[in-house]
Structure formats: C-alpha cells, structure tokens
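*Asks:* Compute the structure for the input listed below.
(one chain, ligands or ions: 1)
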Amino acid sequence: MTVHTGRHFLQIPGPTNVPDRVLRAMDMPTLDHRGPEFAELGLHVIAAMQRVFRTKQPVIIYPSSGTGAWEAAIVNTLSSGDKVLMAETGQFATLWRGLAEKFKLDIDFVPGDWRHGADLAEIEKRLAADKSHAIKAVMIVHNETSTGCVTHPQDVRKIMDRVKHPALLMVDTVSGLGSLEYEHDAWGIDVSVAGSQKGLMLPPGLGFNAVSDKALAASKTNSSFRSYWDWEEIIAANKLGSWPYTPATNLLYALKEGVAMLEEEGLDNVFARHKRHGAAARAAVKAWGLETVSIESHDHSPALTAVLMPEGHDADKFRKVVLENFDMSLGTGLNKWKGKIFRIGHIGHFNDLMLMGTLAGVEMGLELAKVPHRAGGVMAAMDVLTGKSVVPMTKAA
Ligand code: PLP
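*Replies:* Presented below is the predicted three-dimensional model:
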C-alpha cells in the first residue's frame with residue numbers, strides 16, 4: 001500500500017476542507033443544551049446565519065444533512081396534490097424532485113440538458129399560462145453541484161414578479177451559500193435550503209431553512225403531517241436560544257467559527273475569491289483542450305468546475321489515477337454523467353496555492369492516465385491568478 005505524505009487534497013465540491021480553526025472550535029466539552037451557556041451559543045449562531053443568508057427572517061438549523069432541509073421545506077409549506085414547478089438542472093434537482101414525489105406533489109419538471117441553469121424562458125411560459133395560480137411553489141437549485149451550472153434565483157424572482165405569480169420561491173443553495181452571492185430577503189426567496197458541508201466549511205451534519213413571512217403563513221395553514229421538521233416549535237424554542245430536541249451542540253461551535261471566518265474575510269470578498277478561482281480553473285480546462293460541462297458564461301459556477309472527458313476515456317479511471325498517485329479526491333460524475341465527467345471543487349476553505357496544487361494534480365493525472373490533452377493548463381490558471389491574462393468572471397450576480 002502506498003503511504004501518502006502531507007495533506008490529502010479533498011477537491012470534491014463538498015464536503016469541503018474543514019479549516020483547523022473550525023476543527024479546534026468543535027473540540028470542546030459537550031454542553032448542557034438546556035443551560036445558559038448553550039442559549040448564548042444558540043442565539044449567536046442563529047443571528048450569524050441570518051447575516052449569511054442576508055435575512056432578518058427566522059433561520060432554522062436542523063441536525064440533518066441538506067436532504068433533511070429539502071424535506072423540511074416541503075412538509076412545512078406543501079400538501080399532497082399541490083402543484084409545483086421544478087427545473088431539471090442535474091442530479092440534485094432530480095433528487096429533490098424524487099423527494100417531492102414521495103410527498104405526492106404534482107410536479108411540473110421543466111426539462112434540461114444538465115449543461116445549463118434552469119430554462120428561464122420555459123419557467124416564465126409555464127407560470128404565465130397558470131392563470132388559476134395552481135402552482136404553489138417554484139423550486140430551483142441555485143448551484144447545481146452535479147454540473148457546475150448556476151441558476152440565478154434573482155432572475156427567477158424577476159420572472160415571478162413580471163407574470164405576477166404568487167407561488168412560493170424555494171431555492172436549494174446547499175452548495176451556493178457562503179460561496180456565491182446570496183440574498184434571501186432582497187431576492188424575495190421564500191424558503192432557502194442549505195447545508196453545513198460546503199461554503200460554510202463545516203463537516204456534514206447541519207441543514208438550514210431560511211423562511212419568509214409568506215412561507216411561514218403557508219406553513220400555518222398547511223395540514224401536512226410533520227413533527228421533527230416543523231418550523232413553528234423550533235422557531236418558538238429558538239427565541240430563547242434552545243431547540244425542542246437535542247441540537248448538534250459541537251457542530252454549532254463549528255458554525256460559530258465558520259461564520260466568523262467568513263465574516264473576517266468579508267462575504268463579498270469570499271464571493272470574489274470563488275469567482276476568481278472559478279475563472280482560473282476554467283482557463284486551465286480550456287488550455288488542456290477540454291470542455292467544461294457548463295456552456296454559457298452566465299451559468300458557470302464559481303464553486304466548482306465540471307470537466308467532460310474526451311470520448312472513450314473513463315472519468316472514474318482518471319480519478320482513480322489521481323487519487324492513487326497524488327492523494328487527491330476529485331468529484332465523480334453523477335447519474336447520467338457517471339464516467340463521463342469529473343468535478344473540481346474550489347469551494348470553501350481554499351486559496352491560490354491550493355488551486356494550483358489541485359490543477360497540477362489534474363494535469364499530471366491526465367498525463368499518467370493517457371487522456372488526450374495539451375499541456376499548459378496550470379500555466380494558464382497562473383496567468384489568471386497573477387492578472388497576466390484577464391478572463392471574464394461569471395455573472396456579477
Ligand atoms: N443539494 C445540492 C445542490 C447538493 O450539492 C447536495 C449534496 O451534495 C444536496 C442538495 C443534498 O445534501 P446532503 O447530501 O447533505 O443531504
């Protein structure tokens with residue numbers, strides 16, 4: 001067995017590298033979650049997450065993965081038979097749809113080719129045609145982690161306002177929050193869904209909902225069965241910094257530290273950093289003569305870059321070569337992209353040299369795995385990072 005030295009490169013698009021500061025912050029005696037010290041922590045992290053979501057509304061923190069927060073968004077606001085409009089952007093939109101199906105929602109799924117953000121023209125058409133306002137929610141994935149394509153929630157909000165559609169707007173920003181600009185209140189989002197293990201730089205284990213007044217009102221009249229996910233009881237307990245059940249105490253210490261790190265850097269600088277790394281990664285891909293999954297610059301994700309393998313080459317074999325030789329994990333292709341793409345995560349706790357190490361690992365891996373490519377991707381990325389070449393960033397959303 002090869003013994004790897006130095007640090008493992010965890011360059012999947014989440015879970016992301018957890019900073020030492022966050023690990024140390026978690027390394028604390030577990031508190032009495034009904035005691036005064038915990039209440040202080042509870043109130044602190046709720047306020048911190050309101051700043052990250054950019055909302056004055058309640059933020060609910062679940063001891064769950066992102067999937068739990070998806071389910072919470074549905075069971076609080078929607079009932080079996082309710083019509084919802086979703087958009088096929090990739091595997092995560094497809095999984096959310098699958099979950100919605102289990103709750104017997106009536107899903108209108110706008111088709112997509114897994115290489116773009118949501119088809120906004122089609123969303124507008126379907127909303128405009130819904131004169132009786134049968135559609136109760138529009139549900140989109142902000143940063144589609146399976147493709148590296150972004151759907152800009154503010155564009156969807158503009159459409160809904162333009163056609164005067166009263167549906168709730170629900171946004172999965174599991175891999176967007178803390179990496180891509182996000183404005184829960186200013187963009188008129190009704191339910192935001194997020195998770196701890198991406199831009200927030202925590203281990204997996206926390207799920208989040210940020211909820212508008214309109215979503216809260218919908219939850220009050222919604223008769224769907226729910227208990228663990230019910231917003232009302234949690235929001236009531238949260239007023240005193242507690243939860244109706246045992247919260248993930250040590251992950252909340254981590255959350256406090258993760259948000260402190262984001263705020264020390266400044267959220268706008270965090271977003272700019274991700275954009276810059278996205279631009280450099282795409283410059284590398286272009287120089288290798290390969291193609292990104294995302295086609296339009298408007299859709300390119302600042303958090304990850306998904307790369308198509310040349311015909312006849314298996315992306316997972318290539319990933320294995322990279323893992324065995326350089327101890328670096330790259331993201332696998334999911335569902336219809338299995339074996340056809342690999343994903344480079346440049347999200348979360350990350351810097352220029354980590355990006356260069358990552359891209360060097362990819363370039364050496366391409367060589368060792370005999371994947372046809374041109375040399376020079378690493379150089380092209382360096383030119384972006386040093387400002388020698390100026391490349392378009394993604395939409396200044
Ligand atoms: N939504 C998106 C965009 C994701 O990337 C993920 C996970 O990677 C999820 C939802 C599901 O989250 P989890 O795996 O934490 O349940």
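*Asks:* hmm, stretch 139-157 touching the ligand?
*Replies:* Yes. Using Cβ under 6 Å from any ligand atom, stretch 139-157 reaches the ligand at 141, 145. Just so you know, the C-beta spots here come from the backbone N, C-alpha and C atoms, and that holds for glycine as well.
*Asks:* Give the buried residues for that stretch.
*Replies:* Of the residues in stretch 139-157, 139-157 count as buried by neighbour count, 16 or more other Cβ atoms under 10 Å.
*Asks:* which bits of this protein sit near the ligand?
*Replies:* Residues of the chain lying close to the ligand by Cβ under 6 Å from any ligand atom are 14, 65-67, 92, 141, 145, 172, 174-175, 195, 204.
*Asks:* Reformat those residues as TSV; add secondary structure.
*Replies:* TSV is the format used below for these (DSSP: H, G, I helix; E, B strand; the rest coil):
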residue	secondary structure
14	coil
65	coil
66	helix
67	helix
92	helix
141	strand
145	coil
172	strand
174	coil
175	coil
195	strand
204	coil
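*Asks:* right, and the pair among the residues you listed with maximum separation?
*Replies:* Farthest-apart pair in the residues of the chain next to the ligand is 141 and 204; separation 18.0 Å (Cβ to Cβ).
*Asks:* how deep is whichever residue of the stretch 201-350 of the chain sits closest to the ligand tucked in, by neighbour count?
*Replies:* Among all residues of the stretch 201-350 of the chain, residue 204 sits closest to the ligand, at 5.8 Å; criterion: Cβ to the nearest ligand atom. Number of residues near residue 204 (other Cβ atoms under 10 Å) recorded here: 15.
*Asks:* That one reaches residue 248, doesn't it?
*Replies:* No. Counting by Cβ atoms under 8 Å, residue 204 stays clear of residue 248, with 10.5 Å between them.
*Asks:* Most neighbours out of the residues of the chain next to the ligand, which is it?
*Replies:* residue 141 (33 neighbours).
*Asks:* and residue 298, which of the three is it?
*Replies:* Following three-state DSSP, we place residue 298 in the helix state.
*Asks:* before we move on, what about residue 128?
*Replies:* Under the three-state scheme (three-state DSSP), residue 128 adopts helix.
*Asks:* Next up, the contacts around it.
*Replies:* When contacts are counted by Cβ atoms under 8 Å, 6 or more residues apart in numbering, residue 128 is found next to 163, 165.
*Asks:* now residue 57
*Replies:* 50, 184-185, 210-213.
*Asks:* now swap in residue 356 and tell me
*Replies:* 378, 381-382, 385.
*Asks:* Repeat the analysis, applying 10 Å as the threshold.
*Replies:* By Cβ atoms under 10 Å, 6 or more residues apart in numbering, the contact set of residue 356 is 280, 284, 378, 381-382, 385.
*Asks:* now, which of these lie within helices?
*Replies:* Of the positions in the contacts of residue 356, 280, 284, 378, 381-382, 385 sit in helices, assigned by DSSP state H.
*Asks:* Reformat those residues as TSV; add distance to residue 111.
*Replies:* Shown next, in TSV, are those (distance: Cβ to Cβ, whole Å):
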residue	distance to residue 111
280	32
284	31
378	37
381	34
382	39
385	38
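*Asks:* Kindly write the ChimeraX command that selects the buried subset of the residues you listed.
*Replies:* In ChimeraX syntax, the buried subset of the ones in helices among the contacts of residue 356 is picked out as below (16+ other Cβ under 10 Å):
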select :280,284,378,381,382,385
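*Asks:* helix, strand or coil for residue 69?
*Replies:* The local conformation at residue 69, judged by three-state DSSP, is helix.
*Asks:* Quick one: the residues of the chain next to the ligand as a markdown table, columns for pLDDT too.
*Replies:* Formatted as a markdown table, these follow (pLDDT from 0 to 100):
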| residue | pLDDT |
| --- | --- |
| 14 | 96 |
| 65 | 98 |
| 66 | 98 |
| 67 | 98 |
| 92 | 98 |
| 141 | 99 |
| 145 | 98 |
| 172 | 99 |
| 174 | 98 |
| 175 | 98 |
| 195 | 98 |
| 204 | 98 |
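*Asks:* Excluding chain neighbours, what is closest to the closest residue to the ligand within the chain?
*Replies:* Closest contact between the chain and the ligand, by Cβ to the nearest ligand atom, is at residue 66 (2.6 Å). Excluding the flanking residues, the one nearest residue 66 by Cβ to Cβ, 6 or more residues apart in numbering is residue 195, at 3.4 Å.
*Asks:* again with residue 28
*Replies:* Excluding the flanking residues, the one nearest residue 28 by Cβ to Cβ, 6+ apart is residue 253, at 5.5 Å.
*Asks:* list the buried ones in the helix or strand where that neighbour lies?
*Replies:* Element membership of residue 253 [criterion: DSSP states H and E] is helix 249-265. Under the neighbour-count criterion of 16+ other Cβ under 10 Å, helix 249-265 has 249-259, 261-262 buried.
*Asks:* Inside strands: which ones of the contacts of residue 57?
*Replies:* Members of these lying in strands (criterion: DSSP state E): 210-211.
*Asks:* which of the contacts of residue 57 are buried?
*Replies:* 50, 184, 210-212.
*Asks:* quick check, nearest of the residues you listed to residue 275?
*Replies:* Taking Cβ to Cβ as the measure, residue 275 lies nearest residue 184 of those, at 20.2 Å.
*Asks:* Let me see the contact set for the closest one.
*Replies:* Neighbouring residues of residue 184 by Cβ under 10 Å, 6+ apart: 50, 52-57, 59, 153, 171, 173, 177, 190-192, 194, 210-212.
*Asks:* Repeat that for residue 49.
*Replies:* Neighbour list for residue 49: 55, 58-61, 177, 194, 200, 206, 208, 210, 255, 259 [criterion: Cβ under 10 Å, 6+ apart].
*Asks:* and with 8 Å instead?
*Replies:* Listed by Cβ under 8 Å, 6+ apart, the contact set of residue 49 reads 59, 61, 208, 210, 255, 259.
*Asks:* how much space is there between it and residue 238?
*Replies:* Distance of residue 49 to residue 238, given as Cβ to Cβ, to the nearest Å: 11 Å.
*Asks:* which stretches of the stretch 101-250 of the chain form strands?
*Replies:* Along the stretch 101-250 of the chain, the segments classed as strands by DSSP state E, counting those that start in this stretch run 106-110, 135-141, 143-144, 149-150, 168-172, 191-195, 207-211.
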